[in-house]
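Chemist: Could you look at this predicted model? Sequence included:
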Amino acid sequence: MKIKITKQSLYLLFFSIILLLFVLIFSFLVLIPEGKNYREQRSALNKEAMELRRYEEFADKTLQKLKELQSENTHIITSFDNAFNSTRFQKQFRSYFTSLELSKQEPLDDEDEFSVYEVNTTSSINSPQSFYNFLDAINKADWIIGVDFPIEFKRDHELISSSFTMRVYRSKKASQ
Amino acid sequence: MKYSYIKPRKKSIISGELQLIFSFFSITLFMLFLTYAFLLFKDYRFAQNIQDIKQKMVELESSVQRMNSQITFIEKEVQLSERITTKNTVLKDSIANLFDLVPQRITLSQATLLKNGLILHGVTPNKDVYNFMLQAPLRSIFHRTYSSFYESQNGWLRFVSTNYIDEEELSLESPKYEEVKEVDDEN
């Protein structure tokens, strides 16, 4: 029995085999490794994205903490940034004294990240209560001021003349 | 001379069926290359996204560091401010206590508060009043107390009382925090 194969069928068979071989070789040598690479890259991206989300959450929490700290301590932060102004100080605190005089501020050694200035004060008061009121009020001043030793009270007829030292603290960042 | 009544059709090496088959082949190849191109593109995009994420992480890290240093600085400011506020309040209480300590029969003319001491100038009716009513409480506070007297025109006694706290003894009485902590750890 003789099988009759046409020329066209032969071409078809030949091209089909070529195509099949090409598809197989291309798939195994190129497509499958590339697909594997794609999967690896995708999981790496997901991992990085997750890490980024975690980091963003952490950054958000840190920012929130910073904002809370800033809003809770606005007065302290601005007080550390303010430069000491003796005229304004006298205006604010003259009411506690009969007379109040300040010497020129002199820089002391820095404390950590803060510049420290010393201001000597001479004043007259009616009673010690005025000085207590002044010490209460100084904690709410526009500057961070600590009253320091030596403190001297001297009887001067009906008044008490007092002299004391004040240490004014300012953040170095603000003073630069 | 014609041998057939129908018109002869043109014969070609690529027949209609073969053309159909070739178009299927082409579609197969096209889809194969398209898949490959898609994978390549996606790989490129993934690599780019990872690069972007890494860049963003570096930026976030530096911003977190900046915020942390700001937080530390604000905490330092708050700590220092609280320390100064407490110091002012303690100073106020100390001065109030000092003036409360002086009995009515003794009149002060001058008081000097030092870091580790107190100097008082005043007038007392006699030495006993001074010794019992002022020196005794001063002795309980200060480690060293010196007094000197000289007579006033009206018969009263002027006095100068100098009182000091020894810082060495003070540190022995109230050991530092670290030392206390060490003792606690041992227990």
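Modeler: Right, received. Where do you want to start?
Chemist: Helix or strand for the residue nearest the centre of chain A, just tell me which one.
Modeler: Residue closest to the mean C-alpha point of chain A, counted by CA atoms, centre = their mean, is A:Leu66 at 5.9 Å. Following DSSP states H and E, one finds A:Leu66 within helix A:32-72.
Chemist: That helix near chain B at all?
Modeler: Yes: using CB under 8 Å from any CB of the partner chain, helix A:32-72 reaches chain B at A:34-35, A:37-38, A:41-42, A:44-45, A:48-49, A:51-52, A:55-56, A:58-59, A:62-63, A:65-66, A:69-70. From N, CA and C alone the C-beta is placed, and that goes for glycine too.
Chemist: Report pLDDT for the residue most central in space within chain B.
Modeler: Geometric centre of chain B, nearest residue: B:Thr72, 2.8 Å, by CA atoms, centre = their mean. pLDDT for B:Thr72: 94.
Chemist: angle of the host helix or strand of it against helix A:32-72?
Modeler: Here B:Thr72 sits within helix B:16-101, counting by DSSP H and E. Put simply, helix B:16-101 runs at 20 degrees to helix A:32-72, going by axes from the mean of the first three to the mean of the last three CA atoms, to 10 degrees.
Chemist: what bits of chain B have low per-residue confidence?
Modeler: B:1-2, B:13, B:168-187 (pLDDT under 70).
Chemist: ok now do A:Phe80, which residues does it touch?
Modeler: Residues counted as contacts of A:Phe80 (CB atoms under 8 Å, 6 or more residues apart in numbering or on different chains) are A:Phe114, A:Ile144, A:Tyr169, A:Arg170, A:Ser171, A:Ala174, B:Glu77, B:Ser81.
Chemist: mind giving me the domain ranges of chain A?
Modeler: Here the domain parsing of chain A from automatic domain parsing is A:1-72, A:83-175.
Chemist: For chain A, just list every one of the helices.
Modeler: A:7-26, A:32-72, A:74-81, A:86-93, A:128-138, A:172-175 (DSSP state H).
Chemist: one step back: just so I know, which of the domains of chain A lies nearest B:Glu61?
Modeler: For B:Glu61, the closest of the domains of chain A is domain A:1-72, at 7.5 Å, according to CB to CB.
Chemist: and the closest one, what's its mean pLDDT?
Modeler: Per-residue scores along domain A:1-72 average to 90.
Chemist: how far out from the middle of the chain is that domain?
Modeler: Counting by CA atoms, centre = their mean, to the nearest Å, domain A:1-72 is centred 42 Å from the centre of its parent chain.
Chemist: same check, this time on stretch A:94-101
Modeler: Counting by CA atoms, centre = their mean, stretch A:94-101 comes out at 39 Å from the chain centroid.
Chemist: quick one on the thing from earlier: just the buried subset of the contacts of A:Phe80, please.
Modeler: A:Phe114, A:Ile144, A:Tyr169, A:Arg170, A:Ser171, B:Glu77, B:Ser81 (16 or more other CB atoms under 10 Å in any protein chain shown).
Chemist: now these as CSV including distance to B:Thr124?
Modeler: Putting these into CSV (distance: CB to CB, whole Å) gives the following:
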residue, distance to B:Thr124
A:Phe114, 45
A:Ile144, 41
A:Tyr169, 41
A:Arg170, 45
A:Ser171, 49
B:Glu77, 47
B:Ser81, 42
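Chemist: Show me the two of those residues that sit farthest apart.
Modeler: Top of the distance list for the buried ones among the contacts of A:Phe80 (CB to CB): A:Arg170 and B:Ser81, 12.0 Å.
Chemist: hey, what's in contact with both of the two?
Modeler: What both A:Arg170 and B:Ser81 touch, as defined by CB under 8 Å, 6+ apart, is the set A:Phe80, A:Ile144.
Chemist: right, is stretch A:152-165 up against chain B?
Modeler: Yes: Stretch A:152-165 is in contact with chain B by CB under 8 Å from any CB, via A:Glu152, A:Phe153, A:Lys154, A:Arg155.
Chemist: Please pick the buried ones from those residues.
Modeler: A:Glu152, A:Phe153, A:Lys154.
Chemist: measure the second one to B:Asn163 for me?
Modeler: When CB to CB, to the nearest Å is the yardstick, A:Phe153 and B:Asn163 sit 15 Å from each other.
Chemist: what does the last one give?
Modeler: Remark: distance between A:Lys154 and B:Asn163 (CB to CB) = 18 Å.
Chemist: Contacts only, for the residue lying closest to B:Leu40 once chain neighbours are set aside.
Modeler: Using CB to CB, 6 or more residues apart in numbering or on different chains and skipping residues adjacent in sequence, the residue nearest B:Leu40 is A:Glu34, 7.0 Å away. Going by CB under 8 Å, 6+ apart, A:Glu34 touches B:Tyr36, B:Leu39, B:Leu40, B:Asp43.
Chemist: shouldn't the first one be in contact with A:Val30?
Modeler: Yep, that's B:Tyr36 we're talking about. Yes: using CB atoms under 8 Å, B:Tyr36 is in contact with A:Val30, at 6.3 Å.
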